[in-house]
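K.L.:
Quick one, structure for this:
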Amino acid sequence: MEEDDLSKYVNDPLWPILVETVHSMIMYRYHKTYVEEKILREKPEISPRELAARLGIPLGEALVILYELRGKAKGKLI
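P.N.:
A predicted model of the protein is given here:
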């Protein structure tokens with residue numbers, strides 16, 4: 001996923017609302033852990049759409065998970 005691709009979502013004024021909504025989802029923690037431990041090790045450049053399709057999760061959840069995990073990998077505070 002290119003940085004510019006994600007920035008169009010992150011820079012949107014509704015991004016904080018999406019993040020808050022995703023964080024309130026029951027399975028979010030488990031999905032994030034699975035993505036970090038399994039999927040990103042197999043395919044580090046997976047796109048949000050591909051991740052959403054692979055896990056059967058909403059695109060918004062995939063966007064937030066990838067944003068947070070890729071930021072963590074780069075050592076950025078989220």
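K.L.:
which residues touch the top helix by length along the chain?
P.N.:
The single longest helix within the chain, with elements called by DSSP state H, is helix 59-73. Contacting residues not belonging to helix 59-73 are listed as 1, 6, 9-10, 18-19, 21-23, 25, 28, 31-32, 35-36, 40, 46, 48-49, 51-52, 55, 77-78 [CB atoms under 8 Å, 6 or more residues apart in numbering]. Yep, even glycine has a C-beta here, placed from its N, CA and C like the rest.
K.L.:
likewise stretch 14-21?
P.N.:
The list of residues contacting stretch 14-21 from outside it, by CB under 8 Å, 6+ apart, reads Y9, G60, L63, V64.
K.L.:
try it again with 6 Å
P.N.:
The contact list for stretch 14-21 (CB atoms under 6 Å, 6 or more residues apart in numbering) reads G60, V64.
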